[in-house]
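J.: Fold the following.
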Amino acid sequence: MALNYGGTCFTFGKPIVNFAPMLHQKILSPPLIQRSFWALVILRAFFNAVIPLMDQTEARYGNIARIMAETGEWIVLQVDYGVPFWAKPPLSTWASAASLWLFGVNEFFVRLPYLLVCVGLALWIKRYADKDDPNPYLLPLILLTIPEFFLHAGVVSTDVFLTLSITLVMLSFWEALQTGAKKYWGYLFFVGMGLGLLAKGPIVVLLTLPPLGLWCLWTKNLTKAFRTAPWLGGIPLLLLISLPWYFWAEKRAPGFIDYFIVGEHFNRFFNAEWKGDLYGFPKQQPLGIIWLFLVGFSLPWFGLLFRFVKNQYKTLLKNDWVAFLLFWLLWTPLFFTTSKSLIHPYILPVIPPLALLVYQGRNEVKRLQPYLYIALGIPLVLLIVYSSRLMDNVLKDNTDKYLVEQTPDKLYTLDAPKYSTAFYTQGKIEQITQQTLNSILGQTVSFGVLLNHKTWQNLPLELQAQLEKVDQNKKRGLYRPIAK
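T.: Here you go, the predicted model:
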């Protein structure tokens, strides 16, 4: 006679099969963890292909890359034809523009470099898994399932390449100090600094040198760090990577250095009322919001990290590796604590050390499965929501892609074109006046007109009478001439 109780099958009182441990073991089996990682990569690639570029930020960077690929102007970034974009260095734009130049203009290819960088980072930190861990893909999976990281594997922005640069700086520094380290690690430290200057500017120095210095002081490694660094070769390498572009950008578009260094690196962070932003708007945030971003965008893994720190706080800083990761993790939110002008992507550079710390603390919980369930469940919920089309209106209201796709021929606008409009028309939308619109309405040429709702309401009635609405989103409508 067999009975089942609590997941255990008994025959005459003797357990012969214990299903619960088998289930848990299967969930954490190396093949399944590895397949879960690559399944998430495929899911992120799917989202990259089907979700349109959103106005304003992502579509802006996407259109800047499109203009670069089209014009072949690789030095001065352009927010519109002939209009320089001074807010950011070119590394991420170079990557997106190269992808568009190679494969064609669409949302998947403009996002492809960010997916590749994030997957590459996840695979790189796999080297820091325990040597005897049968689940080396657990660490990459933890990193990829942190919401902030998963999100940015498909977002056109400068933050992914800044994160790549900072991770290269920090981990190269760690490797260079290890006994018997290869000399190239010291040079990779300076390569990371140079790439950071091309990714987002001098902020790479402010987010790396202070935590490294503090860690060196704490562990008494300051002298060793100075002696290990290949200063004579490293500094020229750093300058060779970064300075030529800054020189040529200022020469080709005078005023860039003043706007980018003074405006973007001081006024943006320390003056929430800064009126000099040419491309965005002041971000009014409460003091300390960076910590809420860190916690909220790293759940559920931040919960495990909290338990790790709570249980081991007396010994954490006695472990050089854990101390290194903690200084790396904490410095960036501390640096931005007093800033009111910030957004959640500012925490992205500290997501790799957060994942590494979570991995270190994984044994502090009796069961890792609930964290994996929730972490894997978040992207699956996103897939379900997308498949159910519950987000259709939200997507449609934040991009002009769907309106543009319904225009078979020429497209005009009376308003300044949105970035998504420019991207999806490949710059072929033309801004005209009411007088020009009136003159071409009498022609037989098929065309569409994109109008802000307020612009439509202010059109003369005789013009409105000659146009019919084809479709609209929350901000704009697409109109065509009424057939006569």
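J.: Which stretches in the stretch 101-250 of the chain count as helices?
T.: For the stretch 101-250 of the chain, the helices defined by DSSP state H, counting those that start in this stretch cover 107-124, 138-144, 147-152, 159-176, 184-199, 203-219, 222-228, 231-252.
J.: any residues touching the helix or strand in which Ser36 is found, and which ones?
T.: Using DSSP states H and E, the element containing Ser36 is helix 30-50. Residues from elsewhere that reach helix 30-50 (C-beta atoms under 8 Å, 6 or more residues apart in numbering): 26, 107-108, 111-112, 115, 118-119, 122, 134-138, 140-141, 144-145, 150, 153-154, 376, 379, 382-383, 386. C-beta: built from backbone N, CA, C; applies to glycine.
J.: Any of those buried? List them.
T.: Buried subset of those (neighbour count, 16 or more other C-beta atoms under 10 Å): 107-108, 111-112, 115, 118-119, 122, 135-138, 140-141, 144-145, 150, 153-154, 376, 379, 382, 386.
J.: Give me the below-cutoff pLDDT ranges for the stretch 151-300 of the chain.
T.: For the stretch 151-300 of the chain, applying pLDDT under 70 flags the ranges 263, 265-284.
J.: picking up where we left off before, I'd like to check the angle between the helix holding Ser36 and helix 107-124, please.
T.: On the basis of axes from the mean of the first three to the mean of the last three C-alpha atoms, to 10 degrees, helix 30-50 is oriented at 160 degrees to helix 107-124.
J.: Just the buried positions in the very next helix or strand once past helix 30-50, please.
T.: Counting by DSSP H and E, the next helix or strand C-terminal to helix 30-50 is helix 57-71. Residues 57-70 are the ones in helix 57-71 that count as buried (16+ other C-beta under 10 Å).
J.: Please tabulate these in TSV, including the columns distance to Phe247 and pLDDT.
T.: Shown next, in TSV, are these (distance: C-beta to C-beta, whole Å; pLDDT from 0 to 100):
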residue	distance to Phe247	pLDDT
Thr57	28	89
Glu58	29	94
Ala59	30	95
Arg60	25	95
Tyr61	23	96
Gly62	27	97
Asn63	26	97
Ile64	21	97
Ala65	22	98
Arg66	26	97
Ile67	22	97
Met68	19	97
Ala69	23	97
Glu70	25	97
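J.: who are the neighbours in contact with Leu357?
T.: By C-beta under 8 Å, 6+ apart, the residues touching Leu357 are Leu305, Phe308, Val322, Leu325, Leu326, Leu329.
J.: so what are the domain limits for this protein?
T.: Taking automatic domain parsing as the domain assignment, the ranges for the chain are 29-387, 401-481.
J.: roughly how far apart are the residue sitting nearest the centre point of the chain and Ile347?
T.: Of all residues in the chain, the one closest to the mean position by C-alpha atoms, centre = their mean is His152, 2.8 Å from it. Distance of His152 to Ile347, computed by C-beta to C-beta, to the nearest Å: 10 Å.
J.: Not counting sequence-adjacent ones, nearest residue to Pro481?
T.: Nearest residue to Pro481 in three dimensions, chain neighbours excluded: Leu441, at 5.6 Å (C-beta to C-beta, 6 or more residues apart in numbering).
J.: now do Phe161
T.: Leaving aside its sequence neighbours, Phe161 sits nearest to Ala199 (C-beta to C-beta, 6+ apart; 4.0 Å).
J.: and that neighbour, how many residues sit next to it?
T.: Number of residues near Ala199 (other C-beta atoms under 10 Å) recorded here: 26.
J.: Residue numbering should commence at 17 henceforth.
T.: Yep, numbering from 17; the last one is Ala215 now.
J.: dump the residue contacts of it.
T.: If you count contacts by C-beta under 8 Å, 6+ apart, Ala215 has them with Pro105, Leu107, Ser108, Thr174, Phe177, Leu178, Leu180, Ser181.
J.: same question, Phe166
T.: Residues in contact with Phe166 (C-beta under 8 Å, 6+ apart) are Leu56, Arg60, Leu160, Ile394, Pro395.
J.: could you redo those as CSV and give each row pLDDT and distance to Ala145?
T.: Putting those into CSV (pLDDT from 0 to 100; distance: C-beta to C-beta, whole Å) gives the following:
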residue, pLDDT, distance to Ala145
Leu56, 96, 17
Arg60, 97, 21
Leu160, 97, 14
Ile394, 94, 23
Pro395, 94, 22
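J.: Quick check: of the residues you listed, which lies closest to Met209?
T.: Within these, distances to Met209 taken as C-beta to C-beta reach their minimum at Leu160, with 26.2 Å.
J.: right, and the closest one touches Leu167 too?
T.: No: judged on C-beta atoms under 8 Å, Leu160 makes no contact with Leu167 at a distance of 10.9 Å.
J.: still on that earlier bit, out of the contacts of Phe166, which two are the most distant from each other?
T.: Within the contacts of Phe166, Arg60 and Ile394 form the most distant pair, 12.1 Å apart (C-beta to C-beta).
J.: picking that back up, relative to Val420, how far out is the residue nearest to Pro497?
T.: In this view, Leu457 and Val420 are 20 Å apart by C-beta to C-beta.
J.: Between those two, tell me which one has more neighbours.
T.: Neighbours were counted for Leu457 and for Val420 using other C-beta under 10 Å; Val420 has more, 23 against 16.
J.: Assumed Gln459 was part of a helix.
T.: No: counting by DSSP: H, G, I helix; E, B strand; the rest coil, Gln459 falls outside a helix, being coil.
J.: Pull the number of nearby residues for it.
T.: Neighbours around Gln459, by other C-beta under 10 Å: 9.
J.: Show the model's pLDDT score for it.
T.: We have a pLDDT of 77 for Gln459.
J.: And the one 5 residues further on, by the same measure?
T.: In this model, Gly464 is scored at 91, pLDDT.
J.: ok but it is inside a strand, no?
T.: Yes: assessed by three-state DSSP, Gly464 belongs to a strand.
J.: measure Thr235 to Tyr440 for me?
T.: Separation of Thr235 from Tyr440 (C-beta to C-beta): 52 Å.
J.: What of Met407?
T.: For Met407, the distance to Tyr440 - C-beta to C-beta - is 19 Å.
J.: a helix runs through Gly493, doesn't it?
T.: No: looking at Gly493 with three-state DSSP, it is strand, so not inside a helix.
J.: isn't it right up against Gln480?
T.: No: using C-beta under 8 Å, Gly493 makes no contact with Gln480, being 11.3 Å away.
J.: Overlap in contacts, the two.
T.: Common contact partners of Gly493 and Gln480 (C-beta under 8 Å, 6+ apart): Trp472.
J.: the more surrounded of those two?
T.: Remark: of Gly493 and Gln480, Gly493 carries more neighbours, 18 against 14, as counted by other C-beta under 10 Å.
J.: Can you check the pLDDT for the more buried one?
T.: Looking at Gly493, its pLDDT stands at 94.
J.: What residues are bridge-paired with it?
T.: When bridges are called by DSSP bridges, Gly493 pairs up with Leu467, Gln488.
J.: Kindly report the same for Glu446.
T.: Glu446 has these beta-bridge partners by DSSP bridges: Tyr428.
J.: Surely it and Thr423 touch.
T.: No: using C-beta under 8 Å as the test, Glu446 is too far from Thr423 to be in contact (11.9 Å).
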